[in-house]
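attaching a predicted model along with its sequence, questions to come.
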Amino acid sequence: MSEQRIWGGTIRKLWPTETDKFRGHLLRLDKDARRMRFAHGVSDAFITDYADHMSEMGSIVYGYFSGGEMRAAAELRKLGDVWGHEAEAAFSVERPFQEKGIGTELMGRVIRSARNRGVHQLYMSCLSENGKMQAVARKHGADLHFEYGEVVGEIIPNSPDYFSLMAEAVDDRVGYMLAVLDLQSRLAVNAA
Ligand SMILES: CC(C)(COP(=O)(O)OP(=O)(O)OC[C@H]1O[C@@H](n2cnc3c(N)ncnc32)[C@H](O)[C@@H]1OP(=O)(O)O)[C@@H](O)C(=O)NCCC(=O)NCCS
């Protein structure tokens, strides 16, 4: 079983029906984290609209869950209608959960998902003052350069192989079980 427990929580992919969890997490980001995540300050209405379109965009979103709440997200977005050679990634970790290795762990999942979809170049951009994001990207071997006042990280994932595909498939199975358990516990709370 490849379930990854990290700081008492778990990481799994979100299902398209779980936009509420993604929205709740993004809305909990403080002003500074929102600016770092979206490269400018964003309102609650912007975040609500952004989260509502998660499944339409066909993005893969990983969530870090602790105490029944989603506390961090990693998004892998395709740049066209289908998965092509290039894709983009973005990360957000709520303040009390930062600097515990969660962003690093999430980036590993995103790189593996990109690899398994034949992505050759994975981009992430962040503000130049965002030392934490750049540190995480460097740990995964990203090539960092300045572009139009931002720092762009570029990662070239390896080609997919049996082990990378299997690892993601096993994670997905475990993630499915965790999502079902989460749903059951919420139903039980509502029924009580
Ligand atoms: C950037 C972010 C995703 C990182 O997630 P995280 O869980 O805090 O990251 P990790 O704990 O895995 O790693 C953080 C690393 O940054 C390092 N770091 C902390 N502050 C730093 C700074 N000012 N400059 C450079 N490195 C720094 C830490 O030491 C750690 O590296 P280490 O593990 O080698 O010690 C998170 O801080 C976040 O969500 N920020 C707000 C939104 C954002 O910036 N998103 C990125 C743009 S898409």
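Yep, that arrived.

for stretch 97-107, which positions count as buried?
Residues F97, K100, I102, G103, T104, E105, L106, M107 are the ones in stretch 97-107 that count as buried (16 or more other CB atoms under 10 Å). Where C-beta positions appear, they are placed from N, C-alpha and C, glycine not excepted.

cool, stretch 185-192 as well?
When burial is assessed from 16+ other CB under 10 Å, stretch 185-192 yields no buried residues.

what does that stretch contact?
Contact partners of stretch 185-192, identified using CB atoms under 8 Å, 6 or more residues apart in numbering, comprise G68.

CA atoms of it as PDB?
In PDB, the C-alpha atoms belonging to stretch 185-192 read as follows (Å, rounded to 0.1, in the frame of the first residue of the first chain):
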ATOM      1  CA  SER A 185     -17.800  10.100   8.100                       C
ATOM      2  CA  ARG A 186     -19.400  13.300   6.800                       C
ATOM      3  CA  LEU A 187     -22.700  11.500   6.200                       C
ATOM      4  CA  ALA A 188     -22.500  10.100   9.800                       C
ATOM      5  CA  VAL A 189     -21.900  13.500  11.200                       C
ATOM      6  CA  ASN A 190     -24.900  15.000   9.300                       C
ATOM      7  CA  ALA A 191     -27.100  12.100  10.400                       C
ATOM      8  CA  ALA A 192     -26.200  12.500  14.100                       C
END
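
run a quick neighbour tally on D30.
10 (other CB atoms under 10 Å).

who's in contact with it?
Going by CB under 8 Å, 6+ apart, D30 touches R95.

what separation do you get for I156 and Q121?
6 Å (CB to CB, to the nearest Å).

kindly apply the preceding question to N190 instead.
Distance of N190 to Q121, computed by CB to CB: 44 Å.

adding distance to the ligand, pLDDT and secondary structure, write the buried residues of stretch 97-107 out as JSON lines.
As requested, these are exported to JSON lines (distance: CB to the nearest ligand atom, whole Å; pLDDT from 0 to 100; DSSP: H, G, I helix; E, B strand; the rest coil):
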{"residue": "F97", "distance to the ligand": "7", "pLDDT": "96", "secondary structure": "helix"}
{"residue": "K100", "distance to the ligand": "5", "pLDDT": "96", "secondary structure": "coil"}
{"residue": "I102", "distance to the ligand": "4", "pLDDT": "97", "secondary structure": "helix"}
{"residue": "G103", "distance to the ligand": "2", "pLDDT": "97", "secondary structure": "helix"}
{"residue": "T104", "distance to the ligand": "3", "pLDDT": "97", "secondary structure": "helix"}
{"residue": "E105", "distance to the ligand": "7", "pLDDT": "96", "secondary structure": "helix"}
{"residue": "L106", "distance to the ligand": "8", "pLDDT": "97", "secondary structure": "helix"}
{"residue": "M107", "distance to the ligand": "8", "pLDDT": "97", "secondary structure": "helix"}
